Structures are given as structure tokens and as C-alpha cells.
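Colleague: Would you be able to build a 3D model of this:
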Amino acid sequence: MMTNLFSVFDPTSSVFNTSMNWMSTMLGFLLMPMMYWMVPSRMIMLWNNMAVTLHKEFKTLLGVQGYNGSTFMFISIFSLIVFNNFMGLFPYIFTSSSHLSFTLT
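Modeller: Numbering: from 1, shown residues only. Below you'll find the model as predicted:
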């Protein structure tokens, strides 16, 4: 069976009527909570260290008058983009962060 070479990048390609390209957006977040049920590993300690460092950096950017909880929003957006782009390193996955409907909103 011959298929189109670029059908992998088509956001309407589906398996069992679910769009796999858009489902890969949240795949990293689905795998992350399993780490919290175990004894803290190096990966969790690295993630916590990175979150604390990013919190301090955003706090210095926003200043003392910054809104409470706004650093959490920026760290969440940053980690969403990092996980999306990391999923693009695997073959046959078109990341949603490179799609116009994700980047222009």
C-alpha cells in the first residue's frame, strides 16, 4: 500500500478515530505523575531544582510588585513548550508547537 510521504505531518491523520498528532501534546504530562509515587529520584530532584531556579529567575524579572502565582503560570507554559519540543525528537511525531493553530493563539 502506497501512502503519502508527508501524511505523518497531517493533523487529521488518525488511528482509531483519535488524532495521534494532537494527543502527543499531553503525552509527556501523562508519563510524569508516575514519578511522584516513588522515592525521589535524580530526575525528580533535577525537575524540582529546575522549577525553583526558574521561579527565582521569573521573580527577579517581575520584581517585588509581581502578581502572586504568576511565576507558576510562566513555568507551566515553559514546561509545556519544552515537553512538546522534546516529543518532536522521536520519529514520526509532528509536534503541535510547530503548528500555526498552537503558535498563533
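Colleague: contacts and neighbour counts: CA atoms only from here.
Modeller: Fine.
Colleague: so where's this protein shaky on pLDDT?
Modeller: 1-39, 66, 103, 105 (pLDDT under 70).
Colleague: can you give me the helices for the protein?
Modeller: 20-23, 27-31, 42-62, 70-87, 100-103 (DSSP state H).
Colleague: Turn those helices into a markdown table, including mean neighbour count.
Modeller: Formatted as a markdown table, the helices of the chain follow (neighbours: other C-alpha atoms under 10 Å):
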| stretch | mean neighbour count |
| --- | --- |
| helix 20-23 | 16 |
| helix 27-31 | 12 |
| helix 42-62 | 13 |
| helix 70-87 | 15 |
| helix 100-103 | 9 |
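Colleague: Reformat those helices as JSON lines; add distance to F94.
Modeller: As requested, those are exported to JSON lines (distance: least, C-alpha to C-alpha, whole Å):
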{"stretch": "helix 20-23", "distance to F94": "6"}
{"stretch": "helix 27-31", "distance to F94": "13"}
{"stretch": "helix 42-62", "distance to F94": "25"}
{"stretch": "helix 70-87", "distance to F94": "8"}
{"stretch": "helix 100-103", "distance to F94": "12"}
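Colleague: ok, W47 - contacts?
Modeller: Going by C-alpha atoms under 8 Å, 6 or more residues apart in numbering, W47 touches no other residue.
Colleague: distance of it from V64?
Modeller: Remark: distance between W47 and V64 (C-alpha to C-alpha, to the nearest Å) = 25 Å.
Colleague: how far away is F94 from N84?
Modeller: Taking C-alpha to C-alpha, one finds F94 at 9 Å from N84.
Colleague: next one: V52
Modeller: For V52, the distance to N84 - C-alpha to C-alpha - is 21 Å.
Colleague: ok, now L62?
Modeller: On the measure of C-alpha to C-alpha, L62 and N84 end up 26 Å apart.
Colleague: now swap in K56 and tell me
Modeller: 24 Å.
Colleague: What of S98?
Modeller: 9 Å.
Colleague: cool, N48 as well?
Modeller: Taken as C-alpha to C-alpha, the span from N48 to N84 is 19 Å.
Colleague: Burial check on T95, number of neighbours?
Modeller: 24 (other C-alpha atoms under 10 Å).
Colleague: Could you give the number of residues near the nearest residue to it once chain neighbours are set aside?
Modeller: Among residues not flanking T95 along the chain, G88 sits closest, at 5.3 Å (C-alpha to C-alpha, 6 or more residues apart in numbering). G88: 17 surrounding residues under other C-alpha under 10 Å.
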